[in-house]
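1. Okay, structure incoming, though there's no sequence with it:
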């Protein structure tokens, strides 16, 4: 079994910054892509940013130039540095991880979601 633990959400004023973290632990053989998604109240979940195992990032147009995704492969952790936050960034942020899991000497491709962390940006 694999667990994802998120941290770093909170309340911030517009123009401020927050840094989210998501650490994966458990029966992990390897991790492929990692990413962040968000869901605002009454809206569908949307992609914020992803990063490949080689470190290549991809961003939603709405966050380009303001958010930076990074990862620490030694710690199985993905980060999201969020700067110049806007009220429209208010949402629950979820990390997502594509990985290969070890079970009983076999390996399985799996996709896991974090529990979500609330980010609220006040105007």
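-> Arrived safely, thanks for sending. Note that this is a predicted model, so its numbers are computed, not measured.

2. tell me, how many neighbours does residue 38 end up with?
-> Residue 38 has 23 neighbours, counted by other Cβ atoms under 10 Å. Backbone N, C-alpha and C define where each C-beta goes, glycine included.

3. And it, which helix or strand is it part of?
-> Using DSSP states H and E, residue 38 maps to strand 28-39.

4. neighbouring strands for that strand, and are they parallel or not?
-> If you go by DSSP bridges, strand 28-39 pairs up with strand 46-51 (antiparallel), strand 91-103 (antiparallel).

5. and residue 11, which of those strands is closest to it?
-> strand 91-103 (12.9 Å; Cβ to Cβ).

6. For that closest one, the averaged confidence score.
-> When pLDDT is averaged over strand 91-103, the result is 96.

7. buried set for that strand?
-> 91-99, 101 (16 or more other Cβ atoms under 10 Å).

8. shaky segments in this structure?
-> By pLDDT under 70, the chain has no low-scoring segment.

9. all helices of it, in order?
-> Assigned helices in the chain: none (criterion: DSSP state H).

10. Which residue ranges of it form strands?
-> 2-7, 10-13, 18-26, 28-39, 46-51, 57-59, 67-72, 77-82, 91-103, 106-113, 117-122 (DSSP state E).

11. now the nearest residue to residue 95 once chain neighbours are set aside, which residues is it bridged with?
-> The spatially closest residue to residue 95, leaving aside those adjacent along the chain, is residue 22, at 3.3 Å (Cβ to Cβ, 6 or more residues apart in numbering). Beta bridges link residue 22 to residue 6, residue 78 when assigned by DSSP bridges.

12. and the residue nearest to residue 29 when sequence neighbours are not counted, what is it in contact with?
-> Nearest non-adjacent residue to residue 29, counting by Cβ to Cβ, 6+ apart: residue 100, 4.3 Å away. The neighbours of residue 100, taking Cβ atoms under 8 Å, 6 or more residues apart in numbering as the test, are 28-32, 107-110.

13. follow-up on the earlier one: so for residue 7, which of the strands paired with strand 28-39 sits nearest?
-> strand 91-103 (10.2 Å).

14. how many degrees apart are the closest one and strand 18-26 in direction?
-> Interaxial angle of strand 91-103 relative to strand 18-26 (axes from the mean of the first three to the mean of the last three Cα atoms, to 10 degrees): 20 degrees.
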